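Novice: Structure for the following, please:
(one chain, ligands or ions: 1)
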Amino acid sequence: MFADRVLSGMRPTGSLHLGHYHGVLKNWVTLQQQYECLFFVADWHALTTHYDSPELIEQHTWDMIIDWLAAGVDPAQATLFIQSKVPSHAELYLLLSMITPLGWLERVPTYKDQQEKLTEKDLSTYGFLGYPLLQSADILIYRANLVPVGEDQAPHLEFTREISRRFNHIFGKEPGFEEKAELAIKKLGSKKSRLYSELRNLYQEQGDEGALEEAKSLLDEQQNLNMGDRERLFGYLEGKSRVILAEPETLLTQASRMPGLDGQKMSKSYNNTISLREDADSIRKKIRTMPTDPARVRRSDPGDPAKCPVWSFHSVYSNDEVRSWVQQGCKSAGIGCLECKQPVIDSILAELAPISERAKMYEEDPALVRNIVADGCEKANKLAEETMRDVREVMGLNYS
Ligand code: SF4
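Specialist: Numbers count the residues shown, from 1 in each chain. Just a heads-up that it's a prediction; the model follows:
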């Protein structure tokens, strides 16, 4: 019912590495060409787990935004903003908390998982319990219908969908809803209003999903409806309440195949990363000293790429020709490990060269970065306000 809009955020973790680039940023760069995209720094989310170390948040935020820009996120195509600079995220979070059953929060799988994993932190806080709801507010406030998530994040999105349904169910019931919806149908013009009613009947009487989709597209095309009538007609298709908060859909993203230098997932906590702004000498050194198949003690010992972290890098960076050279050379001891690593070094350096160059430009011009983010925050505030007007109205908070 609303325009396609993508929302995605990252906690401010400071400078980013190849894992972020292959896992998230490349995807953002593609998405920004296809959809309206909003990308934000989730600084409040950082506080849900790191409330005791706030001193790094600001620096990490700016470093991360520079990396986004350097990686090709384009402020002319996407809106970049900081969560805490759009305070209505907190307002919606508070208002949604009024209708959120505690049990829903407690059963979000990551709640217990993280509490058990991060034992050095006291996460028995209200903020930590509520963070999936803050995520829901982040999404729902922009009526973002597309949210790129990996499979592990899918339960969070399902939670958001449940919250939006509950909200619409409770607050979408307005006095005289049916009469208002019938009046709104008339505004479609005689031909389209007949079609809308037929499709609605087909869906409601026969459960025809195709008819439902067709009716939704019909409404999408209507320019002459105001937001209230649009919400009513979308809600009227399926039930008897307005649709105020859009239910987001998952935009499933492929899990990154980018391994760390030791073969585990690339992560700062494993100390196995190559950062996007790392200098060339350091990258060469890190790859050259990467562990390999332990069977290759001497140059003349054959090995097996399946047992070697370097092979995972070839899987990301090398073409078929190079890969078969590695397979053959490794298994026959025809090539040495340093030789094998060289194409990986070359590919990473080639990939990072334009990123470093752009990063340098932004590092040298902090005012430019601040302006990009200020523009993004202004735009985000405007979009958020459109939703909040409706939310306040239906929750009885529309004071004149
Ligand atoms: S030749 Fe390549 S794949 Fe084989 S063990 Fe050495 S680095 Fe790993």
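Novice: Leaving aside the residues adjacent along the chain, what's closest to residue 51?
Specialist: residue 127 (6.9 Å; Cβ to Cβ, 6 or more residues apart in numbering). The C-beta positions use only the backbone N, C-alpha and C, and glycine is treated the same way.
Novice: ok, now which ones touch the residue nearest to residue 85 when sequence neighbours are not counted?
Specialist: Leaving out its chain neighbours, the residue that sits closest to residue 85 by Cβ to Cβ, 6+ apart is residue 377, at 4.2 Å. Counting by Cβ atoms under 8 Å, 6 or more residues apart in numbering, residue 377 makes contact with 81, 82, 85, 86.
Novice: and the first one, how many neighbours does it have?
Specialist: Other residues within reach of residue 81, judged by other Cβ atoms under 10 Å, total 25.
Novice: Counting by contacts, list what the strand or helix carrying it packs against.
Specialist: Using DSSP states H and E, residue 81 maps to strand 78-82. Contacts defined by 3 or more Cβ pairs under 8 Å, 6 or more residues apart in numbering; DSSP states H and E place strand 78-82 against strand 36-41, helix 57-70, helix 366-394.
Novice: what about 10 Å?
Specialist: Other helices and strands packing on strand 78-82, by 3 or more Cβ pairs under 10 Å, 6 or more residues apart in numbering; DSSP states H and E, are strand 5-10, helix 26-34, strand 36-41, helix 57-70, helix 366-394.
Novice: Name every strand pairing with it and say which way it goes.
Specialist: Strand 78-82 sits in its sheet next to strand 36-41 (parallel), going by DSSP bridges.
Novice: Tell me if I'm right that residue 87 and residue 81 touch.
Specialist: No - using Cβ atoms under 10 Å, residue 87 is not in contact with residue 81, being 12.0 Å away.
Novice: Write out the residues of the stretch 201-350 of the chain neighbouring the ligand.
Specialist: With Cβ under 6 Å from any ligand atom as the criterion, the stretch 201-350 of the chain meets the ligand at residues 292-293, 296, 303, 305, 308, 310-311, 326, 330, 335, 337, 340-341.
Novice: Out of those, which sit inside helices?
Specialist: In this view, those that belong to helices under DSSP state H are 310, 311, 326, 330, 337, 340, 341.
Novice: ok, and what's touching the helix or strand just after the strand holding residue 81?
Specialist: Scanning forward in sequence from strand 78-82 by DSSP H and E, the next helix or strand is helix 88-97. Helix 88-97 is contacted by residues 40, 42, 44, 83-84, 100, 105, 126, 130-131, 133-142, 160, 163-164, 166-167, 171, 245, 380-381, 383-385, 387-388, 391-392, 395, 397 when judged by Cβ atoms under 10 Å, 6 or more residues apart in numbering.
Novice: thinking again about what came up before, could you identify which of the ones in helices among the residues of the stretch 201-350 of the chain next to the ligand has the most neighbours?
Specialist: residue 330 (26 neighbours).
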